[in-house]
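1. Have a look at this prediction, sequence included:
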Amino acid sequence: MLSEKETVKIDINNLSLFYGTKQALNGISMSIPEKRVTAFIGPSGCGKSTLLRSINRMNDLIEGITITGAITFDGTNIYQPGINVVNLRKRMGMVFQKSNPFPKSIYGNIAYGPKINGMSNKKKLDEIVEESLREAALWDEVKDRLDASALSLSGGQQQRLCIARAIAVNPEVLLMDEPCSALDPISTDKIEELILKLKEDYSVIIVTHNMQQAGRVSDYTAFFYLGKLIEYDRTRTIFTNPSLQQTEDYITGRFG
Amino acid sequence: MESRRKIIGFFAHGLPLLATLLVLAVIGVIIANFVIGGVPAMSWEFLTEAPRNVNTEGGIFPAIYGTVLLVFIMTIAAVPIGTITAIYLAEYAKKSSRFAQFIRFAVNTLAGVPSIVFGLFGLGFFIQTIGAGIDDFHHASKMSNLQEIIVVAPSPLANSVSAPVSEVKQFLRNTDESLWIEQIRRLSHYPDGVDAVVNTEQVMTFLEARSAPGWGKPNILWAALTLALLTLPVVIVAVEEALRAVPQEVRAASLALGATRLETIRKIVLPNSLTGILTGSILAVGRGAGEVAPILFTGAAYSLAELPGLKDQFMHLGYHLYILSTQSVNVDDTRPLQFATTIVLLGLTLALNMVAIMIRSRIRRKNKKN
């Protein structure tokens, strides 16, 4: 499990989730380390994306959902009554499967988050925009056309823009839901490099279908199957010496 | 074989073309008819002056003004209410919500109600219930005022009792001169030192006439609100569709950045559906400008030289056309006026639509930039 050297950022404790009567997550317990990349893998429908969306409570938007158990983030259970969900989401950036820039300018996309959080100083905003775009390795490609529509960017650029937008609000955690699934290999490469760089400042959780990707970018890997956490360990251990046959079967491509 | 395919091909291509030409021809004939019939009567005077001689001479300016004002008030009323309803339905209501389903059912039903029924509803609801209610309320408050006066000064104002003229005058001046001015004028016929007979009933009647604000009658406001009800479903459906066209992922992105639902609607959803909202307004304007039935009982007037305020009846191009062609003292003589009025009505509807379309394309261009 988690090495003793790690600081726990998020602690998930016996979390179960139901869509109506259908159970999607079944008693998940795990600790997610700070400033590391944690990968969630497993076949489609195993609950990994659902778990990711539970961490910043995006599941709240879906009707008929029931959640039991707890997710502790920096010592506070985010599912206890009276939690300010809006504040919580500010502290957790999210990158979605399909790039989803706002139909605004490149600048407008990055500045949106800081603006709604009350930042109105134009100079500061300019700085944030540049910094975020640099961090997302997009600055050089777009610095001359910040006023252009974000929709004019290529798919890979759009996804990096979304990453820049997420880090512009200075979150502590980055939740990435299959961020490369719609990208070509070159764009995927760029994003993977970026993720390795991002873990210096953020705790990254990435959901992926791509086994090699999990192997390349993550420090810890959690394997889910049918709503249950099957195995969770250092990525190296999971990929070279998993303790369960089921994990090995999935990783080597024998099922899933 | 080859020739048969050619023939089929000819018809496959030719028939749709023919149908299109037919539609164009019909429109052409209609417009040509109006133009030929109406142009002789068209003049600057016709567009800028009031009708004279029971609508057989003069212009139609009050009708143009009335129609524009009517559509304007209607838009102000229908678009915000429709947009807010659509926001509720598209953004807040849960799919399974009984209440939202009920609203949708009500909107659909409203869309299917014949326009004359709206007219009757407007008469019954806005004029006879709301308007008359306002009048009654005013009246009642003035009456209680009067009761008070009678109680305070039993001598001059008791029912049909005599009191010295000077005393009555003094009392009336002391209370509310603007209301009692008529009574004072009457009393001034009496020489001082003689007893005047003040009739409470007369005072009441006078007060009633003076104090009723006059909302319980047809006017342009009630007509515009009636029309707004008629166009509301058009607005709601168009705006809701525009809101739904904004991708769910974009909303999720905004929420994930820590925006509240309201911020997301205001800064992401609404700006990106503004063109749709305007399309809804355009449809509403187009529908509203041409309807006559809803305003028949609620405010349209036969002939009024003066331009209306909110509390006045008004002339309307569509209604004017109906009057000219059915109720005129001389239907045949006014035929050029009818044609010319039709041209103006069509032109006005077109112009209102053009303005809305221009605003829309401007916003579209601006949106692309940002």
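-> Perfect, thanks for sending it.

2. rest of the way, CA atoms for contacts and neighbours
-> Will do.

3. Which residues are in contact with the closest residue in space to B:I81 that isn't next to it in sequence?
-> Distance criterion CA to CA, 6 or more residues apart in numbering or on different chains; nearest residue to B:I81, sequence neighbours excluded, is B:L232 at 7.8 Å. Shown in contact with B:L232 (CA atoms under 8 Å, 6 or more residues apart in numbering or on different chains): B:78-79, B:81-82, B:284.

4. Now render these as CSV, adding pLDDT.
-> What follows is these, written out as CSV (pLDDT from 0 to 100):
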residue, pLDDT
B:A78, 92
B:V79, 90
B:I81, 94
B:G82, 92
B:A284, 80
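
5. Could you list which of those residues belong to helices?
-> B:78-79, B:81-82, B:284 (DSSP state H).

6. Now do the SS call for the residue in the stretch 1-150 of chain B positioned nearest to chain A.
-> Relative to chain A, the nearest point of the stretch 1-150 of chain B is B:K94 (7.4 Å; CA to the nearest CA). Counting by DSSP: H, G, I helix; E, B strand; the rest coil, the backbone at B:K94 sits in coil.

7. And it, how far from B:L262?
-> 16 Å (CA to CA, to the nearest Å).

8. Most widely separated two among the ones in helices among the contacts of B:L232?
-> Taking CA to CA as the measure, the ones in helices among the contacts of B:L232 reach their widest spread between B:I81 and B:A284, a distance of 12.6 Å.

9. More neighbours: which of the two?
-> B:A284 (27 against 17; other CA atoms under 10 Å in any protein chain shown).

10. quick one: that one from B:I127, how far?
-> B:A284 sits at a distance of 23 Å from B:I127 (criterion: CA to CA).

11. List the buried residues of stretch A:232-247.
-> A:232-235, A:238-239, A:242, A:247 (16 or more other CA atoms under 10 Å in any protein chain shown).

12. ok, and what's touching that stretch?
-> A:1-2, A:30, A:214-215, A:218-223, A:230-231, A:248, A:251.

13. show me where the stretch 51-200 of chain B has helices.
-> Using DSSP state H, counting those that start in this stretch, the helices of the stretch 51-200 of chain B run over B:61-87, B:98-112, B:115-122, B:132-152, B:154-157, B:165-187, B:200-211.

14. If you average pLDDT over each of those helices, which is lowest?
-> Least confident of the helices of the stretch 51-200 of chain B, judged by mean pLDDT, is helix B:154-157 with a mean of 42.

15. contacting residues for the most centrally placed residue in chain A?
-> Computing the C-alpha centroid of chain A and ranking residues by CA atoms, centre = their mean puts A:L175 first, at 1.6 Å. Taking CA under 8 Å, 6+ apart, we find A:L175 in contact with A:52, A:92-95, A:204-206.

16. Just the ones in helices from these, please.
-> Within these, residues falling in helices by DSSP H are A:L52.

17. among the contacts of A:L175, which are within reach of chain B?
-> Among the contacts of A:L175, the residues that sit close to chain B (CA under 8 Å from any CA of the partner chain) are A:92-95.

18. Scan the residues you listed and report the most crowded one.
-> Per-residue neighbour counts (other CA under 10 Å) across the ones next to chain B among the contacts of A:L175 peak at A:M94, which has 33 neighbours.

19. how close does that one sit to B:L22?
-> A:M94 is 57 Å from B:L22, by CA to CA.

20. same thing with A:K122?
-> Distance, A:K122 to B:L22, using CA to CA: 60 Å.

21. now do A:K143
-> Separation of A:K143 from B:L22 (CA to CA): 56 Å.

22. ok, these two, which is more surrounded?
-> Of the pair A:K143 and B:L22, A:K143 is the one with more neighbours under other CA under 10 Å, namely 15 against 12.

23. which residues of the stretch 151-256 of chain A fall in helices?
-> A:155-167, A:185-198, A:211-217, A:235-240, A:245-251.

24. quick one: the shortest one to chain centroid distance?
-> Put simply, helix A:235-240 sits 21 Å off its chain's centre (CA atoms, centre = their mean, to the nearest Å).

25. secondary structure element for the most centrally placed residue in chain B?
-> With distances taken as CA atoms, centre = their mean, B:A224 lies nearest the centre of chain B, 1.3 Å away. Per DSSP states H and E, B:A224 falls inside helix B:220-244.
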